[in-house]
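Asks: Predicted model and sequence follow; I will ask about them next.
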Amino acid sequence: MLEEFDLKGTTALVTGGGRGIGRAIALTLAEAGADVAVAARTLGQIEQVADEVISLNRRSLAMQTDVTNATDVDDMVSKVIWTFGKIDILVNTAGISSWGKGGQVPLVSFDNDSWRQIIDTNLSGPFYCCRAVAKHMLQRRAGKIINVSSTSATMSGEGSPAYSSSKAGLNMLTKVLALELAAYNVTVNAIGPGWFETEMTKASLGNPSRRAEIESSIPLGRLTSLRDVGLLAVYLASSASDWMTGQLIYLDGGQTAAVL
């Protein structure tokens, strides 16, 4: 391994680490050498991921956490620091969408509770996590923050007002924090995944005709493995990316090439 990509001796905290993109990132960071704390609402899932991290000869910790609760987040961060002594890497993956409610939901049918839940999870949650971890990183004058956004932040579509707005807000939060924390040697970047096979996309990708439509909309003409997201996260978490901050990197097979 190139030494710039080696994460041995580092500690990462991954929210939403129990499945899908979060799980892939947690395990790939562990493969690169990091100890990894994983957090999510579902304890059983993160306990399984923690066991997988330990099987890679890394230390791990599973914490049942609601990122929409600022007190929960502060407690989570304190526990990681108490257990590992530091946090070098924060990955904000926890997120939800309106797709879980049966597909696209138009504005006039979008209820208040759904709006609040999505904004609280996708935007307020990363804000709480960044704020709690940044206090520690500023004291150490070092750190890597990675926010997991979406192509929906820049590619508008009908029926997802809360999800798209939350991810667009997360992109701007990434840029603002990158400027604010740069003087302390803390970098802040975002990954914008396109279509990947996760619980969130199961309904669409499980439909053969819809899957074919999605694949045809991707310039590279295919989907790829979740591991690709983990590999990009390793780059952003490592010293190889020390001169990169405030960037939004879309991993989408070229889908956003025509709109950015």
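Replies: Noted; the coordinates are in hand.

Asks: what about the stretch 51-200 of the chain, any weak spots by pLDDT?
Replies: Within the stretch 51-200 of the chain, the segments meeting pLDDT under 70 span 98-103.

Asks: how about the helices in this structure?
Replies: Secondary structure of the chain by DSSP state H: the helices cover 20-31, 43-55, 70-84, 112-119, 125-140, 161-181, 202-205, 208-216, 227-237.

Asks: Can you tell me which helices and strands the first one packs against?
Replies: Here helix 20-31 is seen to pack against strand 11-15, strand 35-40, helix 43-55, strand 89-92, strand 143-148, helix 227-237 when contacts are counted using 3 or more C-beta pairs under 8 Å, 6 or more residues apart in numbering; DSSP states H and E. (C-beta placed from N, C-alpha, C; glycine too.)

Asks: Just give me the neighbour total for E47.
Replies: 17 (other C-beta atoms under 10 Å).

Asks: so it touches M63, yeah?
Replies: No: the pair E47 and M63 fails to qualify as a contact (C-beta atoms under 8 Å) at a distance of 10.0 Å.

Asks: Let me know which of the helices of the chain is tucked in deepest.
Replies: helix 20-31 (a mean of 26; mean count of other C-beta atoms under 10 Å).

Asks: who touches it?
Replies: For helix 20-31, contacts defined as C-beta atoms under 8 Å, 6 or more residues apart in numbering pick out 7, 12, 14-17, 36, 38, 40, 45, 49, 52-53, 56, 58, 60, 89, 91, 93-94, 148, 193, 196, 198-200, 226-227, 229-231, 233-234, 237.

Asks: List the backbone torsions phi and psi for the residue most central in space within the chain.
Replies: Nearest to the geometric centre of the chain sits T93, at 2.5 Å (C-alpha atoms, centre = their mean). When read as degrees, to the nearest 10, the backbone of T93 gives phi -110, psi -30.

Asks: In this structure it contacts A12, no?
Replies: No: between T93 and A12 there is no contact under C-beta under 8 Å: 11.2 Å.

Asks: how much space is there between the residue lying closest to Q64 once chain neighbours are set aside and T151?
Replies: Counting by C-beta to C-beta, 6 or more residues apart in numbering, Q64 lies nearest to L43, which is 4.4 Å off, once chain neighbours are set aside. Plainly put, L43 is 30 Å away from T151 if you go by C-beta to C-beta, to the nearest Å.

Asks: what does S225 give?
Replies: Note on S225: its distance to T151, by C-beta to C-beta, is 17 Å.

Asks: try D252
Replies: D252 sits 5 Å away from T151, going by C-beta to C-beta.

Asks: Give the residues shared as contacts by these two.
Replies: Joint contacts of D252 and T151 (C-beta under 8 Å, 6+ apart) are G192, P193, G194.

Asks: Counting only strands, which of these make the cut?
Replies: In this view, the shared contacts of D252 and T151 that belong to strands under DSSP state E are G192, P193.

Asks: mind putting the shared contacts of D252 and T151 in JSON lines, distance to R116 included?
Replies: Listed next are these as JSON lines, based on distance: C-beta to C-beta, whole Å:
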{"residue": "G192", "distance to R116": "24"}
{"residue": "P193", "distance to R116": "24"}
{"residue": "G194", "distance to R116": "27"}
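
Asks: now the shared contacts of D252 and T151: which count as buried?
Replies: Buried members of the shared contacts of D252 and T151, counted by 16 or more other C-beta atoms under 10 Å: G192, P193, G194.

Asks: Can you tell me which of the residues you listed lies closest to G157?
Replies: G157 lies nearest to G194 out of the buried ones among the shared contacts of D252 and T151, by C-beta to C-beta, at 12.8 Å.

Asks: List the contacts of the residue nearest to that closest one when sequence neighbours are not counted.
Replies: Computed as C-beta to C-beta, 6+ apart, the closest residue to G194 that is not its neighbour in sequence is D252, at 2.7 Å. The contact partners of D252, taken as C-beta under 8 Å, 6+ apart, are T151, G192, P193, G194, W195, I218.
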